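**Q** Below is the sequence, then the predicted model.
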Amino acid sequence: MAVDLTGNVSCFSQYGKPFQEKIFQGLLMDREWAAQMHEVMLPSFFELNYLKYLTRLYFRYYEQYKAFPTLQLLISIIKEDLSEGQDIILRDQIVEFLHRLKSNPHPGDLGYIKDKALDFCKRQAFKDALHRAVELIQTDKFDSVISLMKNAVSIGMPHSIGHDFFEDIEARFVKMHRIPCPTGLPRIDAPDILDGGLGRGEIGVVTANTGVGKSHYLVAMGANALRSGKSVLHYTFELTETAVGRRYDSNLTNIDINDLMTSKKKVLDFYEKEDLGRLIIKEYPTGAASVITIRNHIEKLSLKGFKPSLIVIDYADIMKSTKSYDSLRHELKLVYEELRNLAMELNIPVWTASQANRESANSDIVGLENMSEAYGKAMVADVVISLSRKAMEKSTGHGRLYVAKNRAGKDGILFPMLINTAQSRITLLDESELTLNEAVNQDSSSARELLKSKWREVSKKLE
C-alpha cells in the first residue's frame, strides 16, 4: 500500500477493487472526464497491476494522438503489446476484467465514482505541490512557489482551449468510430446521405401536416433500430403506451394492427424466435413533460441497467418548456435546443417530430419554411425529413419523403414513398431520387409544375 509523506494512503486501495475497476470504466465512457484525469491521475494510483497497465496504455495513446482510443482499438493495442505472451497472468486478468465490463456496460453509480476519484487525485496533486513549495521556500524561490500553487489549484479542471490546428494534427487523422442508428431505409442510410443512420448526439426531426404519418414514421425508426439489436426508449405524449406498443407489434411482425387481437400466438412465436433489442415505452400527458422530466426518467432507467441506443419522442412540439416566454416560438426553440443538448450529453441519437404549418396542407413538398411556429427548430436539428400526402393520396398510401436538411450529407432530394399505416411502415418506392433542379427539367408536366412551385417558394426565401 502506497503512503505519502504525511502518512496518508496515496493510491486507490482504500476504495477497493470494484471502485478501481469502475474508475477505468469511467475513463472509457467519458472522454472529457478522462482528459481531466490525465492531468491529475497517475497509473500508479491503482493498486491492481492490470489497471495500471491499461491506464498507462490509454494515456500514452492520448499523449501521442491527442485523442482517446475506442475500446475496440485499445483491445487491438493490448493484443499487439502482449503478443509474445510474456505475462500470462496479466493477460488473463485483463481478459476477465473486460468480460466484467461487457456484463455491466452502463453502471448507474459512475457519477459518484468519477467525483470521488477526481477529488482524490486533485488532493494528491495539491499535497505534492505543497511539499515541493516547502523545498522552494527554503531556497528563496518565492516566484516559483506562486506559479506552482496556481497550477496545483487549476489542474484537473475542464479547460479545453479547443482544437489547436497545427499542434493537434494527429487527432484529425484518427479514424472516428461512428456508431449510427439505422433508419431502415437503405437509400437514406446510404453513405452519401446519413452514412448508416442518425449518429450519436444528433437530433433528427420528421415534419408533416396533421394526419400524414409523423407518429408512424417515428415507430418505424424505433422498430428498425430494434431489428439492429438497439435498445429504444419511446416517449409518447398523445397515444397510450399500449397503443404505441401495438404499432410496434404490427411493424415488427408484419401483421396489420386490426388483426393483432386474433394473432396473439403469431406475435408471441415471432418474439420467441427473433433476436431484437429492448424497447421501453413511456407515456406522459400532453404538455406535462419537459426535458428535465425525460432526463430524470433516463437516470432512473440507468439505475436499473437500461441505457437506450435511440430515443424517440412523439413529439417535441407538445413538450413543456423549462422557461416561459411571451412567444410560443421562443419556447419551442428552447425545447429543441435542450433536446439537442440532451442528445449530445448522453451521446445518444434522438428522433422527434414537428407539426407543419397550415400552408403546407396542400403542398406537394413540405420544406423547412413550413415548420410551424418556429423556424429555429430547423436550425437546431441535424436532420430534417418531411412527409407530404394530399387528401386524394391517403387511400393509396402514396406520398413524398423530402430530405430537407442534412448536416453530414446530401439534402434537397425527394423520394416517392408508400406509408402503410396499418403496420406503421415507410417504404421508398424504387428509391429513385429527385432534386429540385432535375425535376424542373423533367418531361413530366406534373412533376415540372410541382417543383417549379417549390423552387419559387425557396427563391422568395432567398430574396
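**A** All right, it came through fine. The model shown is predicted, which means the values in this text are computed figures rather than measured ones.
**Q** Relative to Tyr284, how far out is Ile313?
**A** Distance, Ile313 to Tyr284, using C-beta to C-beta, to the nearest Å: 10 Å. Where you see a C-beta, it was placed from the backbone N, CA and C, and this is true even at glycine.
**Q** who's more crowded, those two?
**A** The neighbour comparison of Ile313 against Tyr284 (other C-beta atoms under 10 Å) goes to Ile313, with 26 against 17.
**Q** Which of the three states applies to that one?
**A** Assigned by DSSP: H, G, I helix; E, B strand; the rest coil, the conformation of Ile313 is strand.
**Q** Low-confidence regions, the chain specifically.
**A** Residue ranges of the chain with pLDDT under 70: 1-10, 84-86, 105-108, 140-162, 174-178, 360-362, 370-375, 430-463.
**Q** Can you tell me the centre-most residue of it?
**A** In the chain, the centroid-proximal residue (C-alpha atoms, centre = their mean) is Ile348; its distance is 1.8 Å.
**Q** residue contacts, that one?
**A** For Ile348, the contact set (C-beta atoms under 8 Å, 6 or more residues apart in numbering) comprises Arg200, Gly201, Pro308, Ser309, Leu310, Ile311.
**Q** secondary structure class for the third one?
**A** Pro308 falls in the coil class when you classify it by three-state DSSP.
**Q** any idea how far it is from Leu101?
**A** In terms of C-beta to C-beta, Pro308 sits 19 Å off from Leu101.
**Q** the more surrounded of these two?
**A** For Pro308 versus Leu101, neighbours defined as other C-beta under 10 Å are more numerous around Pro308 (25 against 16).
**Q** Report the contact partners of that one.
**A** Ser231, Val232, Leu233, Ile280, Ile298, Leu301, Ile348.
**Q** still on that earlier bit, among the contacts of Ile348, who's most crowded?
**A** Ranked by neighbour count (other C-beta under 10 Å), those have Leu310 at the top, with 27 neighbours.
**Q** Quick check: bridge partners of that residue?
**A** With DSSP bridges as the criterion, Leu310 is bridged to Val232.
**Q** show me what contacts it?
**A** Residues in contact with Leu310 (C-beta under 8 Å, 6+ apart) are 181, 198, 221-222, 225, 230-233, 348-351.
**Q** what's the closest of the residues you listed to Leu90?
**A** If you rank the contacts of Leu310 by distance to Leu90 using C-beta to C-beta, Ser231 comes first, at 33.4 Å.
**Q** didn't Ile318 look like it was pressed against Thr286?
**A** Yes. Ile318 sits in contact with Thr286 when judged by C-beta atoms under 8 Å, with a separation of 5.0 Å.
**Q** Leu73: neighbouring residues, count only.
**A** 14.
**Q** scratch that, Ala117 is what I was asking about
**A** Counted with other C-beta under 10 Å, the neighbours of Ala117 add up to 24.
**Q** Over to Met392?
**A** By other C-beta under 10 Å, 8 other residues sit near Met392.
**Q** Backbone torsions only: list them for Thr236.
**A** Main-chain torsions, Thr236, degrees, to the nearest 10: phi -130, psi 130.
**Q** so who does it touch?
**A** Thr236 neighbours (C-beta under 8 Å, 6+ apart): Ala243, Val244, Ile281, Lys282, Glu283, Tyr284, Asp314.
**Q** and the third one, how far is that from Thr183?
**A** When distance is defined by C-beta to C-beta, Ile281 is 19 Å away from Thr183.
**Q** neighbour count winner among these two?
**A** Thr183 (24 against 21).
**Q** wait, isn't the more buried one in contact with Asp189?
**A** Yes. Counting by C-beta under 8 Å, Thr183 touches Asp189, with 5.6 Å between them.
**Q** so what's in contact with these two at the same time?
**A** Joint contacts of Thr183 and Asp189 (C-beta under 8 Å, 6+ apart) are Gly197.
**Q** mind giving me the domain ranges of the chain?
**A** Following automatic domain parsing, the chain resolves into domains at 12-171, 203-432.
**Q** Need the distance between the two termini of the first one.
**A** Between the opening and closing residues of domain 12-171 there is a gap of 31 Å (C-alpha to C-alpha, to the nearest Å).
**Q** still on that earlier bit, what sits in contact with each of Ile318 and Thr286?
**A** Common neighbours of Ile318 and Thr286 (C-beta under 8 Å, 6+ apart) are Phe237, Glu238.
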